Every structure is written in structure tokens, then in C-alpha cells.
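Novice: Got a predicted model here, sequence first, then my questions.
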Amino acid sequence: MKIKDTYPVFVTKQLTETKNYYVDVLQFDVAFESTWFVLLQIKGEHPHFIAFMDEQHPTSPPSMPAMDAKSGVFLTLEVADANAAYEKFIAAGREVYYHLKEEQWGQKRFGLIDPNGMYIDIVEQIEPEEGYWDQYMSIAR
């Protein structure tokens, strides 16, 4: 099997609101849209895709139930400059769920909540605190 591409598909009860949030707030572009499915894209050197599908879609196999805040999934969007991204969200009056913080494991990040209740982690990779990862890097035997 040769895989050509991969992207997550999230089932939602709020397709239009979700599309609008990702386009207006996170600056995704619509690559494809139907009444029950939308494929969104971040363009660039390495384009990235994410899709959302209405819970009541007419295709087979039957869909999973729509995601909610308890679904155990979150989305990470890595950015080059978390400070600039954060300031842009604040200046635009956007709701921020987790405010900008430098984490000891090596990320500068802040978080948003999309219309489905999914946490969106906006991260910039930075140097971790010296020795932080040592305690977690043991080799399983």
C-alpha cells in the first residue's frame, strides 16, 4: 500500500460554524465543500489538511457520533512565532482558553476552543528546561 496523503476527519453537529471558525479565526482555506463535508487546507511548502463531516452525512459506513469536549482528542497547530500569534488573537478580541505560557518541556503555547469544544493547542517549539526530558526517556526493557 502506498499512502498518498493523510488528514483527520472530525464528525460534528456544527459543520457551518466549525468551517467558519477554522477559516475566519485560524485562516484555513476551503479546498472542498459540500452540504455535509468540508476539507480545509493550510497552504504552504507542506500543505496540511483537516476535514469536518456532519454527523448526519448520507454516506456509508455510518459515521461515528459527533465529537464533544469529552472526546479525548485535541488539535495542535505549530507556529513559527507563538507570541505574534497570541497577540493577534488578543488584538482581534478572540477568546483564548489557555493563555500564552512557556512550558518546561519545550513549548511556548496558548489554547483555543473550537465550536465543538475541541481544544486547539497553538505551539512554538522552544528549548526545554535542562534535564526535563531525562526522567521520561528511559528505554523499555
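Specialist: Everything's here; your move. Computed from a predicted structure; not experimentally measured.
Novice: In this protein, mark out all the helices, start to finish.
Specialist: Assigned by DSSP state H, the helices in the chain fall at 15-24, 82-91.
Novice: closest one to residue 30 among those?
Specialist: Residue 30 lies closest to helix 15-24 among those, at 6.5 Å (C-beta to C-beta). C-beta here means a position set from N, CA and C on the backbone, and glycine is covered the same way.
Novice: what mean pLDDT would you report for that closest one?
Specialist: For helix 15-24, the mean pLDDT works out to 96.
Novice: before we move on, what about stretch 80-99?
Specialist: Averaging pLDDT along stretch 80-99 gives 95.
Novice: can you list contacts of that stretch?
Specialist: 25, 79, 100, 108-113, 119, 122-124 (C-beta atoms under 8 Å, 6 or more residues apart in numbering).
Novice: buried ones in it?
Specialist: Using 16 or more other C-beta atoms under 10 Å as the test for burial, stretch 80-99 gives 82, 85, 86, 89.
Novice: do stretch 66-84 as well
Specialist: Buried-residue list, stretch 66-84, by 16+ other C-beta under 10 Å: 66, 67, 71, 75, 77, 79, 82.
Novice: Could you check how many residues crowd around residue 6?
Specialist: Neighbour count of residue 6, defined by other C-beta atoms under 10 Å: 6.
Novice: typo on my end, it should be residue 12
Specialist: Number of residues near residue 12 (other C-beta under 10 Å) recorded here: 23.
Novice: cool, residue 32 as well?
Specialist: Residue 32: 11 surrounding residues under other C-beta under 10 Å.
Novice: Report the contact partners of the nearest residue to residue 54 once chain neighbours are set aside.
Specialist: The shortest distance from residue 54 to any non-neighbouring residue, by C-beta to C-beta, 6 or more residues apart in numbering, is to residue 36 (4.1 Å). Shown in contact with residue 36 (C-beta under 8 Å, 6+ apart): 15, 53, 54, 56, 57, 58, 59.
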